[in-house]
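Trainee: Starting from these lines, generate the structure:
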Amino acid sequence: MASGGVSPATSIRSETPELPGSNTPHGHSKLNNVLTNTTNMLPSETSSSPKIKICVFCGASPGNSPAHMEAARSLARVFAENNICLVYGGGTVGLMGEIARTLVSLSGPESVHGIIPSPLVKYERGPDSDVSTGGILPEYSVYGKTTVVKDMHTRKYMMAKEVLAGAKGSGFVALPGGYGTLEELMEVVTWNQLGIHNRGVVILNVEGYWDGLLSWVKKSVEAGFVGQGNRSIIKEASSAEEVVRALKEYRVAEGRFKLEWGNE
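Mentor: Presented below is the predicted three-dimensional model:
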């Protein structure tokens, strides 16, 4: 699947996101280096007052059921209706590409920011792409802003930084996906439990896709590995409208650790 067009990339210098943690197992120490990222955002474009920013974790595959792609389109439509900006993994295929293209078509390219590590460009932009940090990026008018970074850690920190800078109702959502989607979801769940962030975490449970995860959480509580007070960190939604509502109404779990980060 082709990327849908290309546009010249503009290099910018961007500091690694100022989040507590970085290169330890749960991200507990700061990255201090400055990275050179590549972006297709036009130089004249700047942000104004904070908007709701929702990071969506999802697959670079369409899945076998049409319901998965429809869920991506539905989420994009609800984002457009509520003036919500999308932060996502920067892919142009599968659920990634569908939600980005749909939202850009409804709200314009400034509503989407994709962040992708350079080694994943070929995979998450389809087999016909051949892009590196010094090359060409997806068409801005089709996929919005794309930033290419050096590794997975930087991608996740930039995603989280945008969400934390967003207005009330910003947070993290997981659509169906594979190992990477689950890993990204569980990391922000862990950060929530540890007190690193207080943003909402929601799963859009398409055709029972996340039933196994919800069952695991229940079993973990029963087995004593997840505290009863942290059982509600992950919220379940069955529609795009429920996703937005759950994030706007999100309250941190009673068992969330009261730890301080960034003052070491």
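
Trainee: Sketch out the helices for the stretch 101-250 of the chain, chain order is fine.
Mentor: For the stretch 101-250 of the chain, applying DSSP state H, counting those that start in this stretch gives helices covering 121-124, 140-143, 152-165, 179-194, 211-223, 240-248.

Trainee: where does this structure dip in pLDDT?
Mentor: 1-48, 123-136, 262-264 (pLDDT under 70).

Trainee: on that earlier part again, quick one, which of the helices of the stretch 101-250 of the chain gets closest to residue 109.
Mentor: Between residue 109 and those, the tightest spacing by CB to CB is seen for helix 140-143, at 5.1 Å. Heads up, the C-betas are built off the backbone N, CA and C, glycines and all.

Trainee: counting contacts, what elements does the closest one pack onto?
Mentor: helix 94-107 (3 or more CB pairs under 8 Å, 6 or more residues apart in numbering; DSSP states H and E).

Trainee: residue contacts, the nearest residue to residue 89 once chain neighbours are set aside?
Mentor: Distances taken as CB to CB, 6 or more residues apart in numbering put residue 96 closest to residue 89, at 5.6 Å, once the chain neighbours are dropped. Contact analysis of residue 96 by CB atoms under 8 Å, 6 or more residues apart in numbering lists 58-60, 88-90, 114, 124.

Trainee: Which ones among these map onto strands?
Mentor: Members of the contacts of residue 96 lying in strands (criterion: DSSP state E): 88, 114.

Trainee: now, the most widely separated pair of the contacts of residue 96?
Mentor: Taking CB to CB as the measure, the contacts of residue 96 span a maximum distance of 14.4 Å, between 59 and 114.

Trainee: Show me which of the two is the more surrounded one.
Mentor: Between residue 59 and residue 114, counting by other CB atoms under 10 Å, residue 114 is the more crowded of the two (28 against 23).

Trainee: Quickly list what the more buried one is bridged to.
Mentor: residue 88, residue 146 (DSSP bridges).

Trainee: List the contacts of it.
Mentor: 88-91, 96, 100, 138, 143-147.

Trainee: how close does the closest residue to residue 143 other than its chain neighbours sit to residue 176?
Mentor: Setting aside the residues directly before and after it, residue 143 is nearest to residue 100 in space (CB to CB, 6+ apart), at 5.0 Å. Going from residue 100 to residue 176 by CB to CB, to the nearest Å gives 16 Å.

Trainee: quick one: which of those two has more around it?
Mentor: Set residue 100 next to residue 176 and count neighbours by other CB under 10 Å: residue 100 wins out with 29 against 26.
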